[in-house]
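Student: Fold the following, please.
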Amino acid sequence: MYNDVCMTLWKEMPMEMENGTAVQEFTLEGFPDIQHLGKFLFLVHLLTYLASIAGNAVIVTIICANSRLQTPMYFFLSIFSFGECCFINTVIPKLLVIFLLGKQNISFPACFIQAFFFFFLGAAGFFLIAVMSLDRYVAICKPLHYSTIMNQKTCSFLVTTCFTLAFTLITGLVVKVSQLSFCGPHVIPHFFCDIGPLIHLSCSDTKPTEMLAFVLALFILLTSLIITIIAYSNIIVTIVQLPSARERQKAFSTCSSHLIVLSLMYGSCVFIYVKLKQTNRMDSNREAALVNTVVTPLLNPVIYTLRNKQVHQALRETMCRMKMSR
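Tutor: Modelled structure (predicted):
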């Protein structure tokens, strides 16, 4: 997939790029106001990055290794956690280089490849969240039909659909942006190759591309959000009807935890991408993007799985087996 995307983007680049008369590389501005804290910020983000990778990797490993967790819910969680590992690797390593070494340059092809994988994995993540909400809806609201509806074939189809749809939408957008002419400023006022700043650096007519980016962002966010809202609305109605107050409290607590992460993800992305004009709000976008790329992946393992008793038990069993094998 990586080579295919590289070749596609390279072939679709303007002829000016090949002749060397256009921008050959971009400069990621990062966080200029606090650049003097580079080494400190490097340490903080490195620890956060390692914790995010470790947390999500542990989730994937435990789910794959434990037979009791071979259920649709944990299958989706493992795919989501694996996607989060890949997602943070698209941006954070380059950010760490900027903080530590101050190397802010990124080549034209590398910039668009980074943008593609960032938005592809991000869009797939939102679609997966919607699928996970549907899974919980079927489990809570239609428990007798759960095993029939959410069989292995259905789960595989849903995951494949999420990634295929995200790939199709984001490939079209990134190729469209890469076809713009870049002949003037080359400083991106961000810490990664975001589509919005890239569009504003172009010396072409960007109105059609801006509209396409806006429509796609709106489609991805609203589609997943509407599905999630409908699913959780039905879940809440079902929970309210539970006879035991303890069961209701436990279920509501789980839903509220999920909604916290959903609020972080949807809130930051709506703030960044679902607006037609972004020129005067780039500084705020960096803060929101940092939450989306650093904080949320760190919280997801805690919110979605590490608070789960079954995962705790599986983790303890795995650690015991490791000790015994020694």
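Student: Now for Phe26, how many residues are close by?
Tutor: Look at Phe26: counted by other CB atoms under 10 Å, it has 24 neighbours. Any C-beta I mention is one placed from the backbone N, CA and C, and that applies to glycine too.
Student: Now the helix or strand where it lies - C-alpha only, PDB.
Tutor: Element membership for Phe26 (DSSP states H and E) is strand 25-28. Output of strand 25-28 as PDB, limited to C-alpha atoms (Å, rounded to 0.1, in the frame of the first residue of the first chain):
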ATOM      1  CA  GLU A  25      10.200  20.800   0.200                       C
ATOM      2  CA  PHE A  26       8.200  22.300   3.000                       C
ATOM      3  CA  THR A  27       9.200  23.600   6.400                       C
ATOM      4  CA  LEU A  28       7.100  22.500   9.400                       C
END
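Student: what pLDDT does Gln35 get?
Tutor: On the pLDDT scale, Gln35 is placed at 68.
Student: Likewise for the one 10 residues further on?
Tutor: Predicted confidence (pLDDT) at His45: the value is 89.
Student: residue contacts, it?
Tutor: Neighbouring residues of His45 by CB atoms under 8 Å, 6 or more residues apart in numbering: 92, 95-96, 99, 294.
Student: can we see that at 10 Å?
Tutor: Each residue near His45 by CB atoms under 10 Å, 6 or more residues apart in numbering is listed here: 92, 95-96, 98-100, 191, 290, 293-294.
Student: what comes up buried for the helix or strand where it lies?
Tutor: According to DSSP H and E, His45 maps onto helix 38-65. Across helix 38-65, burial judged by 16 or more other CB atoms under 10 Å covers 38, 41-42, 45-46, 48-49, 52-53, 55-56, 58-60, 62-63.
Student: Now for the residues you listed: which two are most distant?
Tutor: Across these, no pair lies farther apart than Gly38 and Ile63, at 37.3 Å, counting by CB to CB.
Student: that older thread, tell me which of the contacts of His45 has the lowest pLDDT.
Tutor: Leu290 (78).
Student: residues contacting it?
Tutor: 31, 45, 91, 95, 191, 268, 296.
Student: Can you pull out the low-pLDDT segments for this protein?
Tutor: The chain contains residues with pLDDT under 70 at 1-23, 33, 35, 250-258, 268-285, 304-309, 312, 318, 322-326.
Student: Can you show me the strands along the stretch 1-150 of the chain?
Tutor: 25-28, 105-107 (DSSP state E, counting those that start in this stretch).
Student: from these, which stretch is densest packed?
Tutor: Ranked by mean neighbour count, these are led by strand 25-28 with a mean of 19 (mean count of other CB atoms under 10 Å).
Student: That strand pairs with which strands, and in what direction?
Tutor: Strand pairing for strand 25-28, determined by DSSP bridges: strand 105-107 (antiparallel), strand 187-188 (parallel).
Student: what's next to the last one, contact-wise?
Tutor: To tie it back to what came earlier, the one meant is strand 187-188. Applying CB under 10 Å, 6+ apart, the contact partners of strand 187-188 are 26-30, 32, 104, 106, 111, 194, 196-198, 200-201, 282.
Student: Now, of those residues, which are buried?
Tutor: By 16+ other CB under 10 Å, the contacts of strand 187-188 give 26, 28-30, 104, 106, 111, 194, 196-198, 200-201, 282 as buried.
Student: Kindly export stretch 56-64 (C-alpha atoms) in CSV.
Tutor: Taking Å, rounded to 0.1, in the frame of the first residue of the first chain, the C-alpha atoms of stretch 56-64 are listed here in CSV:
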residue,chain,number,x,y,z
ASN,A,56,-2.2,-0.1,22.5
ALA,A,57,0.3,-2.9,21.7
VAL,A,58,-0.5,-4.6,25.0
ILE,A,59,-4.2,-4.5,24.1
VAL,A,60,-3.6,-6.1,20.7
THR,A,61,-1.3,-8.7,22.1
ILE,A,62,-3.6,-9.7,25.0
ILE,A,63,-6.7,-10.0,22.7
CYS,A,64,-4.8,-12.1,20.2
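Student: Give me the contacts around it.
Tutor: Contacts for stretch 56-64 (CB under 10 Å, 6+ apart): 69-71, 73-88, 297-298, 300-301, 304-306, 308, 310-315, 317-318.
Student: Keep only those of those residues that are in helices.
Tutor: Using DSSP state H, the members of the contacts of stretch 56-64 that fall in helices are 73-88, 297-298, 300, 310-315, 317-318.
Student: Could you list which residues are in contact with the residue nearest the centre of the chain?
Tutor: With distances taken as CA atoms, centre = their mean, Gly122 lies nearest the centre of the chain, 3.2 Å away. Counting by CB under 10 Å, 6+ apart, Gly122 makes contact with 83, 87, 90, 166, 170, 220, 265, 269, 273, 292-293.
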